[in-house]
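>>> turn this into a structure:
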Amino acid sequence: MKKHYLFPAIFAALLLSLSGCRENRTGVFALLDARKTGGAADEVALLDYFRSRDMSSLPCDRKDFTPTEKDRKIADEALVHRFYVHDAYQPSFFYGEDIDWTYWPVKDNELRWQLHRQKWFTPMGVMYQATGDEKYAREYVYEFRDWIRKNPNGGPAWQQPGGVVSAGEIAQDAPNWEFAWRPLEVGIRLMAHMDHFRLFLNAPEFTPEFLSEFLVNYHEHLSFLSKNIAPRGNHRLFEAQAILFGSLFFPEFKESRKWQKEALKILREEIELQILPDGVQEELDQSYHNAMIDVYASVLQYVQDERIRERVGEMIAFTLGMTYPDYTFPCFGDCRLHGKDHYLSFLQDWLKVFPENEHLRWFATEGREGSPYTWKSRAWHDAGFYVYRTGWGPDDTVLIIKAGKAGAWHAQPDYGTFEIWSAGRNISPDSGCYIYGGDEEVTRMRDWFRQTRVHNTLTLDGENVERTDCRELAFSDSTLVYEHDSYKGLTHKRTYSWRGTSLELLDEAYGPAEGTVEVHFFFAPGLLTLSGPVVEGPGMKVSCTSSVPGAFREEDGWYSQVYRQRARRQGAVYEIRKSASDTLRIRSVINIL
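Numbers count the residues shown, from 1 in each chain. Now for the predicted structure:
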């Protein structure tokens, strides 16, 4: 066998002598001496070593490798370079016989970035394990090598490239490596590659030479990410988890213990920085909040830390409190729904880490075990979420209000909005998030769903609010009062009075600002009937009175609970003119039908 040029680098730079590693007893540690240069026999011995080591207690990304029809579809499409990049872009795009890793058929940032997450490799490995068909392993090795060859790391430091940001425009001529090596993508590959290694390691195509390429690439990813981890936000948590798990999976790397300590330090710091005192993640987005729970619940399977356990317990309490009887939750901000089974899988995984939590058990077992909460109203004061319930059964009614602090990037200018769930469905769904950032057209679509005027709140001339933080003035079992300096010269005070079968709102708008004050109400899809100051739609009827005469008008709209999927819904807007001297009062009674 010809000696592979990368193999000496493994001996010299990547691997310990295995002193202190669990697999010390295999006898191969004598090979892993920095003075060795590695020959053919050494390459084979190293592969034998990895094939014989026990990986059952090591981290993994995917929790269940049982093959599904979706796995088969994704794997078979990948064989002909139709890569499953994103759920929202189906059927999968063809990336060429000679793979073009820069192909960008829709100028949505997520499509470009997520190509480099290589989501199809794990289904290929699952199908290889299920069938033993070498075509999956052969193509995996080819595509893995092709990606390495065509996507070299552009430098030791990654900087947010001009225009390539989550919130902004795209610099379409940005170097490809700035997409391929964005730290979040690096971290996601680190997590997924643990599974590829497991699934393909015993394949004949996984040669000693390919092992050396795999290890050099994995080490480069770990080293790069440790130097370029995000300075703030949810990315920092995802990336710290990837560093921790990657270095736990390969304790043979010289820097693994150092990386583990650094990652744990970050995780311990960020749970205090990103999680508000009441247990809510700072982005005020249920999807990201749940994802953060999942990160920490996974970490707790390998690390004992009572403070992390305490804080995650608080986070779980918020998630359960915000859950509707059908296992959905409000799509405030950039939140999206992935289906009941997906949500249940989260709850069941968390229960393994928190088996003593009887409320979590009740949700995770769909009420067969454990016990529900007994409270019917609760506030998360720091985040500004308020929940009122008639109970915890499928026939109960739930009101959830968002009226708190300004959130991070995934939040929206939606102060004071609310949702009502009743009679088995959401009768006043939030507009949600249709898409993330991208070119001008993509950004235009995103901005529509973010508008203040498409939420259940008050606006001036239909413009977005200038500030999104509210001041809580009072909270009780039936009442919430908050105040908000929504526009220059306009303060808005709203009082919620909850009756279980009805909700009364008192909106007071005062200050020197002039214009059209609008109170917005949005309904589930269906027909609306307007009659003077009364509007009736699916599940609820709204009647308004005001200190200055006003009138309803109907407004078409959309809502989105799944990325790039939207549905029509109708809204009604109660409008009144405000002069500089007016203090307006609008009383709205919502009867739940």
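>>> show me the domain layout of this protein.
1-54, 358-592 (automatic domain parsing).
>>> report the separation between the two terminal residues of the longest one.
Terminal residues of domain 358-592 lie 32 Å apart, using CA to CA, to the nearest Å.
>>> and stretch 346-363, by the same measure?
The separation between the terminal residues of stretch 346-363, taken as CA to CA, is 11 Å.
>>> stretch 451-463 too?
In stretch 451-463, first residue to last residue: 8 Å (CA to CA).
>>> adjust the sequence numbering to begin at 22 for everything that follows.
All set: I'll call the first residue 22, so the last point we hit is now stretch 472-484.
>>> to Tyr149, which of the domains of the chain lies closest?
Among the domains of the chain, the nearest to Tyr149 by CB to CB is domain 22-75 (15.1 Å). Where C-beta positions appear, they are placed from N, C-alpha and C, glycine not excepted.
>>> returning to what we had before: mean pLDDT lowest for which of the domains of the chain?
Least confidently modelled of the domains of the chain is domain 22-75, at a mean of 57 by mean pLDDT.
>>> from the chain's centre, how far out does stretch 239-247 sit?
Offset of stretch 239-247 from its chain centre (CA atoms, centre = their mean, to the nearest Å): 23 Å.
>>> list the contacts of that stretch.
Residues from elsewhere that reach stretch 239-247 (CB atoms under 8 Å, 6 or more residues apart in numbering): 34-35, 174, 177, 179, 202, 204, 207-208, 210-211, 214, 260, 263-264, 267-268, 271, 274, 276, 280, 283.
>>> report the buried members of those.
Buried members of those, scored by 16 or more other CB atoms under 10 Å, are 35, 174, 179, 202, 204, 207-208, 210-211, 214, 260, 263-264, 267-268, 271, 274, 276, 280, 283.
>>> let's see which of these end up in helices.
Counting by DSSP state H, the part of the buried ones among the contacts of stretch 239-247 found in helices is 204, 207-208, 210-211, 214, 260, 263-264, 267-268, 280, 283.
>>> dump those to JSON lines, plus pLDDT and distance to Leu358.
Shown next, in JSON lines, are those (pLDDT from 0 to 100; distance: CB to CB, whole Å):
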{"residue": "Pro204", "pLDDT": "94", "distance to Leu358": "27"}
{"residue": "Val207", "pLDDT": "97", "distance to Leu358": "28"}
{"residue": "Gly208", "pLDDT": "97", "distance to Leu358": "24"}
{"residue": "Arg210", "pLDDT": "98", "distance to Leu358": "26"}
{"residue": "Leu211", "pLDDT": "98", "distance to Leu358": "28"}
{"residue": "His214", "pLDDT": "98", "distance to Leu358": "29"}
{"residue": "Glu260", "pLDDT": "97", "distance to Leu358": "25"}
{"residue": "Ala263", "pLDDT": "98", "distance to Leu358": "25"}
{"residue": "Ile264", "pLDDT": "98", "distance to Leu358": "30"}
{"residue": "Gly267", "pLDDT": "97", "distance to Leu358": "30"}
{"residue": "Ser268", "pLDDT": "96", "distance to Leu358": "34"}
{"residue": "Trp280", "pLDDT": "97", "distance to Leu358": "35"}
{"residue": "Glu283", "pLDDT": "98", "distance to Leu358": "35"}
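>>> most packed of the domains of the chain?
domain 379-613 (a mean of 18; mean count of other CB atoms under 10 Å).
>>> element containing Thr537, please.
Taking DSSP states H and E as the criterion, Thr537 maps to strand 536-543.
>>> ok, that strand: who's next to it in the sheet?
Looking at strand 536-543 with DSSP bridges, its partner strands are strand 479-481 (antiparallel), strand 586-599 (antiparallel).
>>> closest to Asn311 out of these?
Across the strands paired with strand 536-543, closest to Asn311 is strand 586-599 (CB to CB), at 19.5 Å.
>>> quick one, what contacts the closest residue to Asp167 other than its chain neighbours?
Using CB to CB, 6 or more residues apart in numbering and skipping residues adjacent in sequence, the residue nearest Asp167 is Ile120, 5.4 Å away. Ile120 is in contact with His102, Glu164, Asp167, Trp168, Lys171, counting by CB under 8 Å, 6+ apart.
>>> thought Leu297 was touching Asp403?
Yes. Using CB atoms under 8 Å, Leu297 is in contact with Asp403, at 4.2 Å.
>>> so what sits against both of those two?
Lys426.
>>> count the residues that sit near Glu331.
11 (other CB atoms under 10 Å).
>>> Val65 versus that one, what's the distance?
Distance of Glu331 to Val65, given as CB to CB, to the nearest Å: 49 Å.
>>> can you give me the helices for the stretch 272-421 of the chain?
Using DSSP state H, counting those that start in this stretch, the helices of the stretch 272-421 of the chain run over 277-294, 307-320, 327-342, 361-374, 379-385.
>>> SS state for Ile169?
What DSSP: H, G, I helix; E, B strand; the rest coil gives for Ile169 is helix.
>>> first to last residue in stretch 485-492, what's the distance?
Span of stretch 485-492 from end to end, CA to CA: 18 Å.
>>> any idea how far it is from the chain center?
24 Å.
>>> got it, and stretch 288-303?
The chain centroid and the centroid of stretch 288-303 are separated by 16 Å under CA atoms, centre = their mean.
>>> can I get the CA coordinates of it in CSV?
Extracted in CSV, the C-alpha atoms of stretch 288-303 (Å, rounded to 0.1, in the frame of the first residue of the first chain):
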residue,chain,number,x,y,z
LEU,A,288,-22.2,26.5,28.0
ARG,A,289,-22.3,27.4,31.7
GLU,A,290,-21.9,31.1,30.9
GLU,A,291,-24.5,31.2,28.2
ILE,A,292,-27.2,29.6,30.2
GLU,A,293,-27.0,32.6,32.5
LEU,A,294,-26.6,35.2,29.7
GLN,A,295,-29.2,33.9,27.2
ILE,A,296,-31.8,32.5,29.5
LEU,A,297,-33.7,35.3,31.3
PRO,A,298,-34.3,35.0,35.1
ASP,A,299,-37.8,33.5,34.5
GLY,A,300,-36.4,30.7,32.3
VAL,A,301,-37.2,32.0,28.8
GLN,A,302,-34.6,32.2,26.1
GLU,A,303,-33.8,35.8,25.1
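>>> buried ones in that stretch?
By 16+ other CB under 10 Å, the buried positions in stretch 288-303 come out as Leu288, Arg289, Glu291, Ile292, Gln295, Ile296, Leu297, Asp299, Gly300, Val301, Gln302, Glu303.
>>> ok, stretch 214-230 next?
Buried residues in stretch 214-230, counted by 16+ other CB under 10 Å: 214-222, 224, 226-230.
>>> would you turn the strands paired with strand 536-543 into JSON lines with distance to His242?
What follows is these, written out as JSON lines (distance: least, CB to CB, whole Å):
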{"stretch": "strand 479-481", "distance to His242": "47"}
{"stretch": "strand 586-599", "distance to His242": "33"}
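>>> those strands: which one's closest to Tyr116?
With CB to CB as the measure, strand 586-599 is the member of the strands paired with strand 536-543 nearest Tyr116 (23.9 Å).
>>> who are the packing partners of the helix or strand following that closest one?
Using DSSP H and E, the helix or strand that follows strand 586-599 towards the C-terminus is strand 604-613. Contact partners of strand 604-613 among helices and strands, from 3 or more CB pairs under 8 Å, 6 or more residues apart in numbering; DSSP states H and E: strand 438-443, strand 523-531, strand 536-543, strand 561-567, strand 586-599.
>>> residues in contact with stretch 480-490: which ones?
Contacts of stretch 480-490 (CB under 8 Å, 6+ apart): 425-428, 432-436, 471-474, 505-509, 511, 530, 534, 536-539, 541, 599.
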